[in-house]
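> Generate a structure from the sequence data that follows.
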Amino acid sequence: MLHHLSFGVRDLHAAGRFYDAVLAALGYRRVFEDDTAIGYGLVDDEDLLCLKLRDDAAAPGPGFHLALAATTRAAVDAFHRAALAAGGQDNGPAGQRPDYGDRYYAAFVIDPDGHRIEAVTKAAI
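All right, here's what the predicted structure looks like:
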């Protein structure tokens with residue numbers, strides 16, 4: 001359904017450091033960058049997530065979060081560790097979420113600009 005998603009950020013360098021770390025834990029990398037944007041994905045010049053430098057950037061309000069697919073529980077754990085080490089705020093440690101299903105394993109963080117992001121897998125143990 002979605003082709004890509006863009007987030008406005010106030011400090012592109014800081015946001016880039018954060019997303020380099022957390023997205024690498026999930027197998028993604030920078031696929032382009034310029035003075036005002038950084039794109040992440042799997043294929044050069046084909047971004048799935050784009051950070052755009054904006055002086056007036058603000059995270060969406062309550063109820064919005066972006067859930068990123070992880071292939072394994074270890075990747076979810078790595079995402080959470082990387083997020084905290086890169087300046088993110090814990091919003092729910094890595095672990096099972098039985099309210100969402102028997103195999104739902106996720107971690108929740110808030111990035112330096114206030115965007116709420118999650119890494120999740122439903123892979124078997």
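
> Backbone torsions only: list them for H80.
When quoted as degrees, to the nearest 10, the phi and psi of H80 stand at phi -60, psi -50.

> give the contact list for it.
Listed by Cβ atoms under 8 Å, 6 or more residues apart in numbering, the contact set of H80 reads 90, 93-94, 107, 109, 119. C-beta here means a position set from N, CA and C on the backbone, and glycine is covered the same way.

> ok, now how distant is it from D45?
The span separating H80 from D45 equals 29 Å under the rule Cβ to Cβ, to the nearest Å.

> what's R17 sitting at in phi/psi?
R17 adopts backbone torsions of phi -60, psi -40, taken as degrees, to the nearest 10.

> Any idea how many residues pack against the closest residue to it other than its chain neighbours?
Closest residue in space to R17, ignoring its immediate chain neighbours: A86 at 5.8 Å, by Cβ to Cβ, 6 or more residues apart in numbering. A count of nearby residues for A86, using other Cβ atoms under 10 Å, gives 18.

> Kindly report the same for A21.
19.

> Can you name the residues in contact with the host helix or strand of it?
Assigned by DSSP states H and E, A21 belongs to helix 12-24. Residues from elsewhere that reach helix 12-24 (Cβ under 8 Å, 6+ apart): 7, 9, 29-30, 33, 36-38, 40, 49, 51, 53, 68, 79, 82-83, 85-88, 109, 111-113, 117, 119.

> all helices of the protein, in order?
Under the criterion DSSP state H, the chain contains helices at 12-24, 73-85.

> circling back: I'd like the contacts of H80 as JSON lines, with distance to D20 appended.
Conversion of the contacts of H80 to JSON lines gives the following (distance: Cβ to Cβ, whole Å):
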{"residue": "D90", "distance to D20": "19"}
{"residue": "P93", "distance to D20": "22"}
{"residue": "A94", "distance to D20": "20"}
{"residue": "A107", "distance to D20": "18"}
{"residue": "V109", "distance to D20": "15"}
{"residue": "A119", "distance to D20": "15"}
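
> Of those, which is the nearest to A57?
Ranking the contacts of H80 by separation from A57, with Cβ to Cβ as the measure, puts V109 on top at 17.7 Å.

> So what sits opposite the closest one in the bridge?
Per DSSP bridges, residues listed as beta-bridge partners of V109: D90, I117.

> No further questions, thank you.
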